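Enquirer: okay, predicted coordinates and the sequence, questions at the end:
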Amino acid sequence: MGELRKIPNVGKQTEKDLIAMGYTTIESLKGKNAERLYEEECALRGFVLDRCQLYLYRAVEYYLNTDDPDPAKLPWWYWKDKYIAPSPCGAVCAECTLFPSECAGCFKIKGKVHWLQYTGQDVCAVYDCCVNDKRQLNCARCEYLPCEKFTLDPTLSDKENRENLTRMINRLKDTL
C-alpha cells in the first residue's frame, strides 16, 4: 500500500490514477482543488468519469486541506452535489459543524433546523417560502433576496451573522 492509500477513500485505482497524474505524495495533493483533480483524471482516462469520483476528490480535498477534519465528514457520499450546493438560504451543509452528525442537511430534514428552538417556528421561514411555497431549490432568483425571512442565528454574534449573510447571498448569486 502506497502513501496515498492512507488518505480516506483512496483505493488502489484512485492511487494509481493520482500517481499517473503526477501526485505521488500526500504533500503533493495538499491545496489541490477537487474539481480540478476530477477534470485531470477524466482527461487521463479519456472519458467523463462517474461523478462519484468527484465526490471522492471533494472528501480528499476536505481531509487534506482542513486543519482538524471531522471524521464524520470523511465518507465520500457526504460530498455529493446536494451537500455542496447552496441550500435555500445559501448555506452549504458540508461546511456546517453540525453536519452530518447532528443534522442530515436542509433538504433531508425539510427545513426543520436546529435553531428553530429559539424562534418558535416549525420550519425555517426561508426554506418554507423557497421550497414549499415557490418550489425553488434556493433563493437565488428571488427578487426580494435577502428578505425579512433571513433570520439571525441566536447562537452567533452580530458580526458573525453579517459575515454569514454576506457569504450566503454571494454564494446564491454565484449560482445564477
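Expert: Cool, the structure landed. Numbers count the residues shown, from 1 in each chain.
Enquirer: where does the chain have its least confident helix or strand?
Expert: Least confident helix or strand, the chain: helix 116-119 with a mean of 86, by mean pLDDT, DSSP states H and E.
Enquirer: packing partners of that helix?
Expert: Helix 116-119 is packed against no helix or strand, with contacts defined by 3 or more Cβ pairs under 8 Å, 6 or more residues apart in numbering; DSSP states H and E. All C-beta atoms are positioned from the backbone trio N, CA, C, and that covers glycine.
Enquirer: what's in contact with that helix?
Expert: With contacts defined as Cβ atoms under 8 Å, 6 or more residues apart in numbering, helix 116-119 is touched by 122-124, 151, 154-155.
Enquirer: most neighbours, which of these?
Expert: Most neighbours among the contacts of helix 116-119, by other Cβ atoms under 10 Å: residue 124, with 25 neighbours.
Enquirer: pretty sure it contacts residue 91?
Expert: No - here residue 124 lies out of contact with residue 91, judged by Cβ atoms under 8 Å, at a distance of 10.0 Å.
Enquirer: what separation do you get for the residue nearest to residue 41 when sequence neighbours are not counted and residue 3?
Expert: Closest residue to residue 41 apart from its sequence neighbours, by Cβ to Cβ, 6 or more residues apart in numbering: residue 17 at 5.2 Å. Remark: distance between residue 17 and residue 3 (Cβ to Cβ, to the nearest Å) = 15 Å.
Enquirer: now do residue 105
Expert: 33 Å.
Enquirer: so for the two, which residue has more residues nearby?
Expert: Neighbours were counted for residue 105 and for residue 3 using other Cβ under 10 Å; residue 105 has more, 19 against 14.
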